[in-house]
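1. sequence? don't have it. structure:
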């Protein structure tokens, strides 16, 4: 449930928590009571419109009387909605801010005295010259207008030193309040004792003020003990004191006790006999109030001192106590509405609001703000909007806090556009955003990365003289950093440092923003400041973030050096420091350093969490040092840390990798005995262990167990069993697993690759092609590895054009080919009938990384399958080459032009080759014979055949076949038979069969090697 805040509490931290709540977390409650409230509002609007003037006169008299009392009391009742502010009219309540109060005009010499006290450095001198003859009321004004506790005490001491000074409770109340707000408890105790010494009796005002300051300091128990002390003295809390107690209990989250105290007060009964004070939690420290100390003196000296004074009968008689009471103050109703709203008792909140109307108690802006927030924070935004309309109808002007509330409510449910619209309304209605408004809107704009809008807000703040609050600085810095605007981030940071020093927490947040983007040097600049050495007394959180930054940048030496310097600079590492370093070193495989730090951490008394142990164990496993991983596991047991499934999974996986199935099973059983449930990671590791030793039965058993899990086996486990089925040639079983993966939508490129290899290995080429086509359609061709696998499958099935089309698709998508890609292409060239000598020449140029080698392979493969346009486009690039071309480039160009029927261009390329001084080689002759044959130039063929026949060219089967093919195209059957006889004689004489066998073996070796690579790719 969304935590409820009062309008006055909508500061930075509460807002930040508020806006992170998702809309789904806001309960949609039935809230019919609001409708009744609206109907009563309408009824009273009609009623009051008739006699508004007379009513206002009557209520004004009583309320002004109260306000005079309230001003003399001089304390604020509520930290949330500032309930001390009360309306002087029924419909137009106003609230004077502290700054307005300070500007209040006093008569006589008071204004000049206050100015002198404010400007003169020598306070006592000014007091002596101007304040010796003041009346008690004027002394009260001087005390109230001091800006800090120290000045209040000094002024009070001066007044007491005057001979004619008569101590009075109002002065002591002012001093006690100042000391309490400053949390100077020892001095407050002495002031209380002195008050009793002079016979100054505490009043309801005194006790209410003490409850207020103790409650705001988080000392809830002590605040309530003041009420107990008050009752022991015979005083009964008035309405303001009661409201203060309710507010303190409300802010402490003690909603039921607050409600009970209020209802008891209404029937004239106030006691704490049934109040379990020990259960009340110090809501700042999140612990029970501390034992009796200098802060907690109420039950000892303070109580005894206060009890010495006689009790006046008029201060709280039994008759008065037994009377039934009803609240009559606007502030009390505001507190009660806020109480019930935060307690989730919306009906009660609405009833209080309705009772306020019936009782004729004036509503003010705070009343509506509280109701608006109560409705909106529980998901009733339409009711909140209606309350705003009613507020305006009744002539109660919304203030900046009203719009802040709506901004926060809409931001909390994710409606950022509406939230920003309320921000803009603030200026439209003539109000000015306050620091809460600006902080909230900056957070929202930063989350949306709206840099220009953020800078506009900052400029408006500068014009108004408003500073960015410290909590907003890290948010702004992160926005700039994430957007790469590092100069703006640095300017903002330096500007902020001109006005104030940052807390350790804020510096750490800024450093973390830099670290997350890998900006280690910038994080260092924030950490070290303007000095080359670390500043003294840095917070440990700053060191921890800097260690993290070094870790992300893999600057492990710097991280370790910083760690060793911490104690020298007055900061001791905490458990987080050790955990970060150990996990960092483990991730970097620096296991020796991590192991040493683990021992040091244990030695100083810190207990590492399971994550720290598991990171080190996993690191040892990755390095194959399984015995060391077992040693760390034993250290973990000795330290009393219970291993989880990650630890057991890492150990089982380690033993699986080394093929130690017995140890893997042993730790699996240990895990089950310890009550840790096996997850997918553990079971997958166990499957890998069984697969490593070829234990099909074990793999199947664990795989069936994984099928019983909620989401079934993961892709790694499925790939493992698929691969094992492939190795064993179990195609049907593998297909069942594969189809199961497809049905669950978990099939991936590895699964397709395994199935293609399996079908190829059992000569089921049609099925392999089907899988390849399915893989294409499924969109799993995303990298060179997946393309290679499908292309190889096409080549194996003789579908060379499909293979080359995939190659072209791969190149057009800017996917870089690898060594395996070119092996597939060379295999395709051989299968396509390209002369083996030409293929070897291309292979050699590729392996030697010669210029244009890759382009030459592309031209050859495009020409082979008839994609002549693509081949010729690449050939044109050779014409503009800035470096000398080698023979293989000219040869492949001649081949491309000949394949496309451009014989003239082919012969021109041969002449260019001769022009640059390159002699034709065997591949050149083979390509020229093909050109002459296709053009019917028999004499050209005869010329090259003559070189072959007379031994100027070494006999070669590919060249003989090219000559035979050329004569056949020229329809010279006589020459064909002659060349065949000559080829048979020449080849038998030179015996080329061995080279052909070796070529075939190369193809087989390539195919097996490629399949093995893809079977373990997962």
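-> The structure has been received and is ready for your questions. Predicted, not measured: the structure shown is a model, and the values here were computed from it.

2. switch to C-alpha atoms for all contacts and neighbour counts from now on
-> Noted.

3. check contacts around residue 167.
-> 160, 198, 200 (Cα atoms under 8 Å, 6 or more residues apart in numbering).

4. and the strands in the stretch 201-350 of the chain?
-> Remark: strands assigned in the stretch 201-350 of the chain by DSSP state E, counting those that start in this stretch are 281-282, 287-288.

5. weakest of those strands in terms of mean pLDDT?
-> Note on these: lowest mean pLDDT is at strand 287-288, with a mean of 41.

6. any regions of the stretch 351-500 of the chain where pLDDT drops low?
-> Across the stretch 351-500 of the chain, nothing is flagged by pLDDT under 70.

7. show me the helices in it, by range?
-> Using DSSP state H, counting those that start in this stretch, the helices assigned to the stretch 351-500 of the chain run over residues 365-377, 381-393, 400-412, 416-428, 435-447, 451-463, 473-482, 486-497.

8. between these, which one is nearest to residue 709?
-> Of all the helices of the stretch 351-500 of the chain, it is helix 400-412 that lies closest to residue 709, at 37.3 Å by Cα to Cα.

9. that closest one - contacts with which helices or strands?
-> Counting contacts by 3 or more Cα pairs under 8 Å, 6 or more residues apart in numbering; DSSP states H and E, helix 400-412 packs against helix 12-19, helix 365-377, helix 416-428, helix 435-447.

10. can you put those helices in JSON lines and add mean neighbour count?
-> Formatted as JSON lines, those follow (neighbours: other Cα atoms under 10 Å):
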{"stretch": "helix 12-19", "mean neighbour count": "18"}
{"stretch": "helix 365-377", "mean neighbour count": "27"}
{"stretch": "helix 416-428", "mean neighbour count": "17"}
{"stretch": "helix 435-447", "mean neighbour count": "21"}
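
11. and residue 154, helix, strand or coil?
-> Per DSSP: H, G, I helix; E, B strand; the rest coil, the local secondary structure of residue 154 is helix.

12. list the contacts of it.
-> Applying Cα under 8 Å, 6+ apart, the residues near residue 154 are residue 124.

13. where's it relative to residue 193, distance?
-> Separation of residue 154 from residue 193 (Cα to Cα, to the nearest Å) stands at 18 Å.

14. with residue 177 instead?
-> Between residue 177 and residue 193 the computed distance is 15 Å (Cα to Cα).

15. right, and residue 582 touches residue 599 too?
-> No - using Cα atoms under 8 Å, residue 582 is not in contact with residue 599; the gap is 10.4 Å.

16. before we move on, back to that, the helices and strands packed on helix 400-412: which one's closest to residue 740?
-> helix 435-447 (42.4 Å).

17. angle of that closest one against helix 473-482?
-> If you take axes from the mean of the first three to the mean of the last three Cα atoms, to 10 degrees, helix 435-447 sits at 20 degrees to helix 473-482.

18. contacts only, for residue 475.
-> When contacts are counted by Cα under 8 Å, 6+ apart, residue 475 touches 443, 446.

19. between residue 582 and residue 599, point out the one with more neighbours.
-> residue 582 (26 against 11; other Cα atoms under 10 Å).

20. residues of the host helix or strand of that one that come out buried?
-> Here residue 582 sits within helix 575-587, counting by DSSP states H and E. Of all the residues in helix 575-587, those buried under the rule 16 or more other Cα atoms under 10 Å are 575, 577-587.

21. any idea of the mean pLDDT for that helix?
-> Regarding helix 575-587, the rounded mean pLDDT is 91.

22. what's that helix in contact with?
-> Identification of contacts with helix 575-587 by Cα under 8 Å, 6+ apart yields 543-544, 547-548, 551, 556, 559-560, 563, 591, 593-595, 597-598, 601, 606-608, 612, 615-616, 618-619.
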